[in-house]
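Novice: only geometry, no sequence info:
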């Protein structure tokens, strides 16, 4: 068994891990990043759906009532996400939920987070698309919205549009380094300042360190690159400060497993889990109506028939983000793209069996896939943790998680409102047939897990202080999506990153008080 020391241990290399890793390393700390997934560069990404390619870096984790799609590689979700980079509306930070009191810390408002949003937008950087950059699918949604009296706008994305080939393989990583993942900015900048990033290192437990001057000891296992369910070397690393960013599924499980060693963890760990209110629907577009009603056409004579052409997310309608509207009635509707393999996650109502299924699949290029991001009720929770890892692997890229999710009436009301809006826009005069994915196979499906170890002011309902430090455990911070208190009604990556930027000064201060020679104030990385 190997053992070594570091100043700051960062667990996970997505937005919540890479950002603190960079600032701490640039400030002079010795930083070690442990990542459970493999490390791939642009040339290693395979734009195919062959087993052994995408499922090396993407996990589908099925819980009771919810399935989560998550990144599993150096760079985390930034490698496989669709790069939509939106600031959360101001009303999100005032949400009260079913607890009937403000869920976000009083210190956090949209105005307070705006400077941190700006930093991330500059560092990645984020590009504001114009209509010529919008995909065919985004154009269909925009045209349908306009015809129904709604608005639709291009979505800001972390993509270099000059390099982008519109290949639509973002879920499998970007072979062209056009998507501005963390592999191109924060992580290489951290390594340039001496941070060590170790892939295929899965942390199993956290405990007090017996070494003088070190507060925490993390045990880890090195995973077999050909089979992540097999482990080789095991070891321990002792750190003065720990930044936990294993994702909203991995972080609470690691803390739950470590609770007896740590002398307990806050009761809110593993509670208040959110799927960001995600609601996926399929709309099968009538090609003739797309031509006659919307006046659309493209080279080759088709009106549309181009679901897989372009970027996965380019357009969205924000008409239902009225801050004066009641909670659980506000949502964004967004054009999105899923490759065919993900359709096994759920069933489209009234048409996923027999001849009807074959006919629907035959029309796949004329689909619109749509994501509504609503206000859910944070009703998810985690049960007993597995013996190792964040979930039980049953096959490459597939696992069984300990989380459960039973949608409340409030969450379902939000989904129903989004469903009704999609029907009003897309079924007008027979343009398309909207079919929400049912929950019969996978339950709710989300790529945006949040809230399982959230920040807040109330110790009874939040695991972390407003500075992201685990209550009762000085020097242990959580900076990933688990810390986000509520669903956001938009894609959460930019908010997770902004919160991580905001948390860094507190982490640096705690490290300095632990004897680490570190300062805050390094310039932003440049990609």
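Specialist: Everything's here; your move. Everything quoted here is computed from the prediction, not taken from an experiment. Residues are numbered from 1 along each chain as shown.
Novice: So, low pLDDT: which residues of the stretch 351-500 of the chain?
Specialist: Judged by pLDDT under 70, the stretch 351-500 of the chain has its weakly predicted residues at 351-361, 438-442.
Novice: Quick check: nearest residue in space to the most centrally placed residue in the chain, chain neighbours excluded?
Specialist: What sits nearest the mean C-alpha location of the chain, by C-alpha atoms, centre = their mean, is residue 448, with 4.1 Å. What sits nearest to residue 448 in space, not counting adjacent residues and going by C-beta to C-beta, 6 or more residues apart in numbering, is residue 276, at 3.6 Å. Backbone N, C-alpha and C define where each C-beta goes, glycine included.
Novice: do the same with residue 436
Specialist: Among residues not flanking residue 436 along the chain, residue 281 sits closest, at 4.5 Å (C-beta to C-beta, 6+ apart).
Novice: and what of residue 26?
Specialist: residue 522 (3.4 Å).
Novice: The one you found: neighbour count?
Specialist: Neighbour count for residue 522, taken as other C-beta atoms under 10 Å: 16.
Novice: how far away is it from residue 85?
Specialist: 22 Å (C-beta to C-beta, to the nearest Å).
Novice: can you check residue 492 too?
Specialist: From residue 492 to residue 85 the distance is 10 Å (C-beta to C-beta).
Novice: can you check residue 54 too?
Specialist: When distance is defined by C-beta to C-beta, residue 54 is 22 Å away from residue 85.
Novice: Out of the two, name the residue with the larger neighbour count.
Specialist: Shown here are residue 54 and residue 85; by other C-beta under 10 Å, residue 85 has more neighbours (27 against 22).
Novice: check contacts around that one.
Specialist: Going by C-beta atoms under 8 Å, 6 or more residues apart in numbering, residue 85 touches 120, 121, 124, 126, 156, 157, 158, 491, 493, 494.
Novice: ok so, going back, OK, contacts around the residue nearest to residue 26?
Specialist: Residues in contact with residue 522, defined by C-beta under 8 Å, 6+ apart, are 22, 23, 26, 27, 193.
Novice: Just give the number of residues close to residue 2.
Specialist: 10.
Novice: hey, what's it bridged with?
Specialist: Residues in a beta bridge with residue 2, per DSSP bridges, are residue 235.
Novice: Likewise for residue 285?
Specialist: Note on residue 285: beta-bridge partners residue 432, judged by DSSP bridges.
Novice: Give me the buried positions along the helix ranked longest in the chain.
Specialist: The residue-count maximum for a helix in the chain (DSSP state H) belongs to helix 493-513. Going by neighbour count (16 or more other C-beta atoms under 10 Å), the buried part of helix 493-513 is 493-504, 506-508, 510-512.
Novice: Repeat that for stretch 176-186.
Specialist: 177, 178, 179, 180, 181, 182, 183, 184, 185, 186.
Novice: which two from those end up farthest apart in space?
Specialist: Using C-beta to C-beta, those span at most 17.4 Å, a distance reached by 178 and 186.
Novice: quick revisit: and the contacts of residue 522, which are buried?
Specialist: 22, 23, 26, 27, 193.
Novice: Helices - which of those land there?
Specialist: Per DSSP H, those map to helices at 22, 23, 26.
Novice: Using TSV, please lay out these together with distance to residue 104 and pLDDT.
Specialist: Below are those laid out as TSV (distance: C-beta to C-beta, whole Å; pLDDT from 0 to 100):
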residue	distance to residue 104	pLDDT
22	26	98
23	23	98
26	29	98
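Novice: tell me which of those residues is nearest to residue 143?
Specialist: Within those, the smallest distance to residue 143 is 41.7 Å, found for residue 22 (C-beta to C-beta).
Novice: Between helix 493-513 and the host helix or strand of residue 115, find me the angle.
Specialist: Taking DSSP states H and E as the criterion, residue 115 maps to helix 110-123. For helix 110-123 against helix 493-513, the angle by axes from the mean of the first three to the mean of the last three C-alpha atoms, to 10 degrees is 90 degrees.
Novice: Buried residues in helix 110-123, which are they?
Specialist: Within helix 110-123, the residues that qualify as buried are 110, 113, 116, 117, 119, 120, 121, 123, counting by 16+ other C-beta under 10 Å.
Novice: Residues touching that helix, excluding its own?
Specialist: The contact list for helix 110-123 (C-beta under 8 Å, 6+ apart) reads 19, 85, 87-90, 92-93, 126, 156, 185-186, 494-495, 497-499, 501-502, 524-527.
Novice: in the stretch 401-527 of the chain, which spans are strands?
Specialist: For the stretch 401-527 of the chain, the strands defined by DSSP state E, counting those that start in this stretch occupy 432-436, 444-446, 476-478.
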